[in-house]
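**Q** Dropping a prediction and its sequence here:
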Amino acid sequence: SSFSVAVKADGSVAAWGLDAEGQCAVPANLPRTAAVACGVAHCAALGSDGSVTCWGRNVEGQCTPPALPDPGVQVVCGPYYTAVLGAGGRAIGWGDGSRAAVPISASVGTVQSIAAAGNHMLALRADGSVIYWGYGVANLVQEYPCPDAKRVSAISASFDTDFFVLQASTASPPCPEDLQ
């Protein structure tokens, strides 16, 4: 991906770089934007009103959002999929489902934040635990395997790496993954 997208101070969106599949063609009617996320060749904007607008490559349906049950509060993109976290804590995803990151199973439940990776997704629960699903985990929602996983305060992901921000704790040692 040789393109960049940014939200400007006035809530408008700027895009530049390689525009092979329309990913830099920001829609003219885009509402005031709170956040943007991008996949390989598509982008998604979270409007200040909780709406989601997508543009760019849509071969896998990643730019065709379903009706959202409540306003969005977070938007993320995997390579060929898009997901939004609604104000009620429910995540919805669309696009390339070949690796089972989307659609998002109802068993994910209510979460505080989501993160998109190449072939899987993560979600942070209110208790600080992290769950994941998608390719490589038998398409099941699973708790992240860390003996002290309930110390997570924020999550993020790149194509094949997951990132956690841990709360300070003196009750137990860090997860083995923290030390790598």
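**A** Great, that's in hand.
**Q** does the residue nearest the centre of the chain count as helix, strand or coil?
**A** Central residue of the chain (CA atoms, centre = their mean): Val76, 2.7 Å from the mean position. Val76 falls in the strand class when you classify it by DSSP: H, G, I helix; E, B strand; the rest coil.
**Q** What pLDDT is listed against the nearest residue to it once chain neighbours are set aside?
**A** Take Val76 and drop its neighbours on the chain: the residue closest to it by CB to CB, 6 or more residues apart in numbering is Ala116, 4.0 Å away. Backbone N, C-alpha and C define where each C-beta goes, glycine included. If you check Ala116, the pLDDT there is 93.
**Q** now Ala149
**A** According to the prediction, Ala149 has pLDDT 61.
**Q** before we move on, the earlier item: got a list of what the residue nearest to the centre of the chain touches?
**A** Remark: with contacts taken as CB atoms under 8 Å, 6 or more residues apart in numbering, Val76 is in contact with Ala37, Thr82, Ala83, Val84, Leu85, Ile114, Ala115, Ala116, Met121.
**Q** neighbouring contacts of the helix or strand that contains the last one?
**A** This means Met121. According to DSSP states H and E, Met121 maps onto strand 120-124. Applying CB under 8 Å, 6+ apart, the contact partners of strand 120-124 are 76, 78, 83, 91, 93, 99, 101-102, 104, 108, 111-115, 130-137, 144, 152, 154-155, 157, 162.
**Q** Within its sheet, name the partner strands of that strand and how each one runs.
**A** strand 113-116 (antiparallel), strand 130-134 (antiparallel) (DSSP bridges).
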